[in-house]
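A.B. asks: Provide a 3D model corresponding to the input given below.
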Amino acid sequence: MGEGTRALSAIAEESIDLMTDPIERIATAAVPTPAGHYVQGTAWRDLVFVSGQLGPRPDGTHTSGEPFETQVRQALANLLAILAEAGCGPDRVLRVTAYLVGVENWPHFNRIYAEVFGDAKPARTVVPVPALNHGYLVEIEAIAARPA
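C.D. replies: Below you'll find the model as predicted:
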């Protein structure tokens, strides 16, 4: 077998391994069970994907009628609880996407986000939207990498 053939064979074996690696479903009782057809998070190899988090409390009561700051803190607490279940902390987050109702809430979101993430500064996108489910004003999703 030539050198090129051996290299192609190794690449093919790695590709098969990638396709057969299981996808882990992540769930924690610290966050309400999703009402829709999705899970709190998934993981594949060292990557963790957290579904968009609104601000319901662990007991399922909603914060949607409460101040924006309360909603942000609860949504971030939900996000961090799912990350913790997957073995990650804020320092392992690669990317965050936040959806905000009302661009005027951006500075408030940024302040609380900075408090929670501290020195961890993942890539981030903030998207202004007209409305969110259940009357919430913020939804936050993330991608993280588990420690080796």
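A.B. asks: Could I get the full set of strands for the chain?
C.D. replies: 23-26, 41-44, 47-53, 93-101, 123-129, 138-145 (DSSP state E).
A.B. asks: Please identify which of these is closest to residue 2.
C.D. replies: Closest to residue 2 of those is strand 41-44 (CB to CB; 33.5 Å). Where C-beta positions appear, they are placed from N, C-alpha and C, glycine not excepted.
A.B. asks: what does the closest one rub up against?
C.D. replies: 21-27, 48-51, 82-83, 85-86, 146 (CB atoms under 8 Å, 6 or more residues apart in numbering).
A.B. asks: now, which of these sits nearest residue 117?
C.D. replies: Lowest distance from residue 117 to the contacts of strand 41-44 (CB to CB) belongs to residue 83, with 11.4 Å.
A.B. asks: Let me see the contact set for the residue nearest to that closest one when sequence neighbours are not counted.
C.D. replies: Leaving aside its chain neighbours, residue 83 sits nearest to residue 144 (5.7 Å; criterion: CB to CB, 6 or more residues apart in numbering). Taking CB under 8 Å, 6+ apart, we find residue 144 in contact with 47, 48, 50, 83, 86, 88, 92, 93, 94.
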